[in-house]
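Participant: The sequence and its predicted three-dimensional model are supplied below.
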Amino acid sequence: MVNDPMYHDGMRRLQDARETRALADRLEQVTVRTAFTGEDRAFIERCAMFFIATADAQGHPDCSYKGGLPGFVRVLDERTLAIPDYDGNGMYRTWGNVLLNPHVGLLFLDFEQPKRLRVNGTAQVSEDDPLRAEFPGAVFMIRVTAEKIFPNCPRYLHKMQLVEHSAYAPRPEYTPPVPAWKSFEVFRDALPTRDRDEDKKE
């Protein structure tokens with residue numbers, strides 16, 4: 001993917017229809033990079049959320065929101081991100097796709113001071129990554145190797161203010177509440193044993 005062109009034929013056809021090929025090429029020359037800058041690191045590590053796009057082996061897409069406290073995504077070096085996988089609904093659509101097709105697209109956003117950053121690359125999922133111990137609540141660890149990093153114009157980002165961080169976001173020395181849906185009768189008999197045991201404690 002590192003040597004993949006920035007634009008394929010479909011993109012070029014639309015660029016030509018709108019006379020934006022030269023602009024697209026200039027944006028690639030000026031903004032696209034393969035290494036995180038200090039500014040990229042600071043931005044990513046203050047984000048409390050991002051969106052990730054994946055696809056399965058047949059190319060069927062999926063898009064997911066991932067959230068945590070600021071710093072839950074860590075920039076390990078100029079090309080590597082570490083992301084914890086927290087307890088969810090157990091469908092594993094995102095990370096399951098990665099096991100079959102490692103190509104991912106991440107979008108980091110700041111709605112308060114409008115800014116967005118895209119990271120395209122490949123991901124690996126690990127249960128025994130040594131970093132897992134440094135991320136309370138992590139079930140798996142994901143490492144993303146960045147191949148294309150570039151900002152996008154934030155003009156259409158609606159300016160919004162954070163009211164509070166989710167009470168469910170893992171953090172040191174903290175036990176998040178059990179989500180209400182895990183107590184619903186329709187799911188109870190399908191929960192893994194660990195969650196049934198938690199339900200008994202409640």
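Facilitator: Okay, I see it.

Participant: Where does the prediction get shaky in the chain?
Facilitator: 1-2, 197-202 (pLDDT under 70).

Participant: got the contact list for the residue nearest to L106 when sequence neighbours are not counted?
Facilitator: Nearest residue to L106, sequence neighbours excluded (CB to CB, 6 or more residues apart in numbering): V119, at 4.3 Å. Heads up, the C-betas are built off the backbone N, CA and C, glycines and all. With contacts defined as CB atoms under 8 Å, 6 or more residues apart in numbering, V119 is in contact with L81, G105, L106, F108, V144, A146, K148, I149.

Participant: so of those, which ones are in helices?
Facilitator: Members of the contacts of V119 lying in helices (criterion: DSSP state H): none.

Participant: Residues in contact with the longest helix anywhere in the chain: which ones?
Facilitator: Of all segments of type helix in the chain, defined using DSSP H, the longest is helix 21-31. In this structure, residues lying in contact with helix 21-31 by CB under 8 Å, 6+ apart are M6, Y7, M11, R12, Q15, F150, P151.

Participant: Spatially, what comes nearest to the third one if we skip its sequence neighbours?
Facilitator: To tie it back to what came earlier, the one meant is M11. Counting by CB to CB, 6+ apart, A24 is the residue found nearest to M11 once chain neighbours are left out, at 7.5 Å.
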